[in-house]
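# have a look at this fold, sequence not included:
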């Protein structure tokens, strides 16, 4: 009889433990699934918001840079329209215009050059010795010839 009582206690202890685990599992599993779903949706939404913010930021910066480059291109166009080819071919005249542009735009302009339709740089004012350099095969020169202007990537 003692053995039967011990077996019964063990049986009820195991049964109680199994029932508590089953109830806990049945009640907590939906909670964990709901939390996992909410976290996934939050992460997806958060990443989308961050991406949208970065897209807007990049777009705004692109417009700012485009406007800045358009203004600098307008400076060069004014120079090309108000000066003759003979004036622009004179290195001292070109140096004077470069100095004016550099003073006005705090060193944005590093050099100025005049390139003829064949791609040869006929005049140059700046820190390098580029007079006579042939740009006929350069991609930027060919693109400028097709569209009348070309703003290249920044390079040193």
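On my side now, so go ahead. If you're wondering where the values come from, they're calculated on a predicted model, not measured in any experiment.

# quick check: longest helix of the protein.
Counting by DSSP state H, the longest helix found in the chain is helix 2-82.

# counting contacts, what elements does that helix pack onto?
Here helix 2-82 touches helix 91-104, going by 3 or more Cβ pairs under 8 Å, 6 or more residues apart in numbering; DSSP states H and E. Every C-beta, even on glycine, is put in place using the N, C-alpha and C of the backbone.

# neighbouring contacts of the helix it packs on?
75, 79, 83, 87-88, 108-114, 123-126, 131 (Cβ atoms under 8 Å, 6 or more residues apart in numbering).

# only the buried subset of those residues, as a ChimeraX command please.
Entered in ChimeraX, the line below selects the buried ones among the contacts of helix 91-104, by 16 or more other Cβ atoms under 10 Å:
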select :75,79,83,88,109,112,113,114,123,124,125
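
# out of the contacts of helix 91-104, which sit inside strands?
Using DSSP state E, 112, 113, 114, 123, 124, 125 are the members of these that sit in strands.

# and which of those is nearest to residue 153?
For these, the closest approach to residue 153 (Cβ to Cβ) belongs to residue 113, at 17.6 Å.

# the most centrally placed residue in the chain and residue 51, how far apart?
With distances taken as Cα atoms, centre = their mean, the residue of the chain nearest its centroid is residue 58 (5.9 Å). Counting by Cβ to Cβ, to the nearest Å, the gap between residue 58 and residue 51 amounts to 10 Å.

# now residue 14
For residue 14, the distance to residue 51 - Cβ to Cβ - is 53 Å.

# any idea of the pLDDT on the residue nearest to residue 123 when sequence neighbours are not counted?
Using Cβ to Cβ, 6 or more residues apart in numbering and skipping the chain neighbours, the partner closest in space to residue 123 is residue 114 (4.2 Å). We note a pLDDT of 93 for residue 114 in this prediction.

# one more: residue 122?
For residue 122, pLDDT reads 94.

# what's the answer for residue 1, then?
Note for residue 1: predicted pLDDT of 58.

# ditto for the one 4 residues further on
At residue 5, the model reports a pLDDT of 80.

# again with residue 105
90.
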